[in-house]
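1. Any chance you could fold what I've pasted below:
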Amino acid sequence: MNYYYRIHSNLACVMDIKALRYFIEVVNLQSFTAAAKALNVTQPTISKMVKNLEDELGTPLLLREYRRFHLTDAGRVVLKRGQEVLAAEARLQAELSDLNAMAVGELALGVPPLAGMLFIPLIAHFKRLYPQIELSLREEGGKAIEAALDEGELEIGGLLLPVDENRFETLPLSDDRLVLVAAATSRWQGRSAVRLIELSTEHFVLYSASYSLNDRVLAACQAQGFSPQIAGRSGQWEFMVALVESGLGVALLPESVARRIPAGRCVIAALSEPEIPWRIALGWRKDVYLSHAARAWIEALS
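-> Alright, predicted model coming up:
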């Protein structure tokens, strides 16, 4: 199905789904060139499809200023509703595919980089049971995974608990907590435990803004009466540890991740008052159709 039908003011119009997809990719990447590369088409093709969409709707969607552009009011509406259309089309295709496939298929799975080690045995177990199902792995922070689940880009993903139970079903994977990781020569040498308020004057190596854990750490610090001084951000724990070793600042990492740091490289101390939990679960939307591959994943790991 390549068209989306809508009725407005008793008039029916036909909107090309491909044009919607091109428009949304341009907005997401903030670049016609990057969108063309991601979609494996030429830039003139992208520009023409977006222009055709504007002509069809009878209103501009993007205001172009030199090399930049901004969404018009109509553009914001088309972006929101277009994402819903593409998600609905993806669900329709998944349902139709299920009619013809029981042992083959594809599963789009969101994997938080910090939780990658939790997924390795799960993936290995699933592939032994369903070798013909292709796993499309997408490494994202928790907030990005939630958004991708909402938009139908992912069916299942790793989420930081707690989540909105009205939107998501969950299957717990881990129950962990954050610990302090500091340079081996820092003033925390010899400490086995540290209160969060003691870190108020430290510089922090924090997580990328798309990580739910970033918000969790900021909220915990603010509850103690301070905002952390941010020296740098990363989504890769190995790079965060390297930055800590260089003296850039301290980091708060899950204890299970910190145990992977070779002995002597860093100071690792328990964090208290408050403890910051790191509980990861598999999550999926309650109100959407799940493909046979997604249902097989949940059944295999339940």
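
2. those helices in the stretch 51-200 of the chain, which residues are they?
-> According to DSSP state H, counting those that start in this stretch, the stretch 51-200 of the chain carries its helices in the segments 73-100, 116-129, 142-150.

3. how about these in CSV, adding mean pLDDT?
-> Shown next, in CSV, are the helices of the stretch 51-200 of the chain (pLDDT from 0 to 100):
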stretch, mean pLDDT
helix 73-100, 80
helix 116-129, 93
helix 142-150, 92
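
4. Please identify the deepest-packed of those.
-> helix 142-150 (a mean of 21; mean count of other Cβ atoms under 10 Å). Where C-beta positions appear, they are placed from N, C-alpha and C, glycine not excepted.

5. name the helices or strands packed onto it?
-> If you count contacts as 3 or more Cβ pairs under 8 Å, 6 or more residues apart in numbering; DSSP states H and E, helix 142-150 packs onto strand 105-111, strand 156-160, helix 212-223, strand 280-285.

6. Buried residues, stretch 247-258. List them.
-> Neighbour-count burial for stretch 247-258, counted by 16 or more other Cβ atoms under 10 Å, picks out 248, 249, 250, 251, 252, 253, 254, 256, 257, 258.

7. looking at it, the last one is touching residue 269, isn't it?
-> No - proximity of residue 258 to residue 269 does not meet the contact threshold set by Cβ atoms under 8 Å, at 9.6 Å.

8. which residues are in contact with both of the two?
-> Counting by Cβ atoms under 8 Å, 6 or more residues apart in numbering, the shared contacts of residue 258 and residue 269 are residue 179.

9. got any ranges where this protein has weak pLDDT?
-> Scanning the chain for pLDDT under 70 picks out the ranges 1-15, 66-67, 95-104.

10. May I see the buried residues of the helix or strand encompassing residue 33?
-> Element membership for residue 33, per DSSP states H and E: helix 32-39. By 16+ other Cβ under 10 Å, the buried positions in helix 32-39 come out as 32, 35, 36, 39.

11. swap in stretch 272-279?
-> 276, 278, 279.

12. Make CSV from the helices of the stretch 51-200 of the chain and add distance to residue 294 to it.
-> Listed next are the helices of the stretch 51-200 of the chain as CSV, based on distance: least, Cβ to Cβ, whole Å:
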stretch, distance to residue 294
helix 73-100, 8
helix 116-129, 11
helix 142-150, 11
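
13. quick one: which of these is nearest residue 300?
-> helix 116-129 (5.2 Å; Cβ to Cβ).

14. Return that closest one as PDB; C-alpha atoms alone will do.
-> Provided in PDB are the C-alpha atoms of helix 116-129 (Å, rounded to 0.1, in the frame of the first residue of the first chain):
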ATOM      1  CA  GLY A 116      24.600  -4.500  25.800                       C
ATOM      2  CA  MET A 117      26.100  -7.300  27.900                       C
ATOM      3  CA  LEU A 118      22.600  -8.200  29.200                       C
ATOM      4  CA  PHE A 119      21.400  -8.700  25.700                       C
ATOM      5  CA  ILE A 120      24.200 -10.900  24.400                       C
ATOM      6  CA  PRO A 121      23.000 -14.200  26.100                       C
ATOM      7  CA  LEU A 122      19.400 -13.400  25.200                       C
ATOM      8  CA  ILE A 123      20.200 -12.900  21.600                       C
ATOM      9  CA  ALA A 124      22.300 -16.100  21.500                       C
ATOM     10  CA  HIS A 125      19.400 -18.100  23.100                       C
ATOM     11  CA  PHE A 126      16.800 -16.600  20.700                       C
ATOM     12  CA  LYS A 127      18.900 -17.300  17.600                       C
ATOM     13  CA  ARG A 128      19.300 -20.900  18.600                       C
ATOM     14  CA  LEU A 129      15.500 -21.200  18.700                       C
END
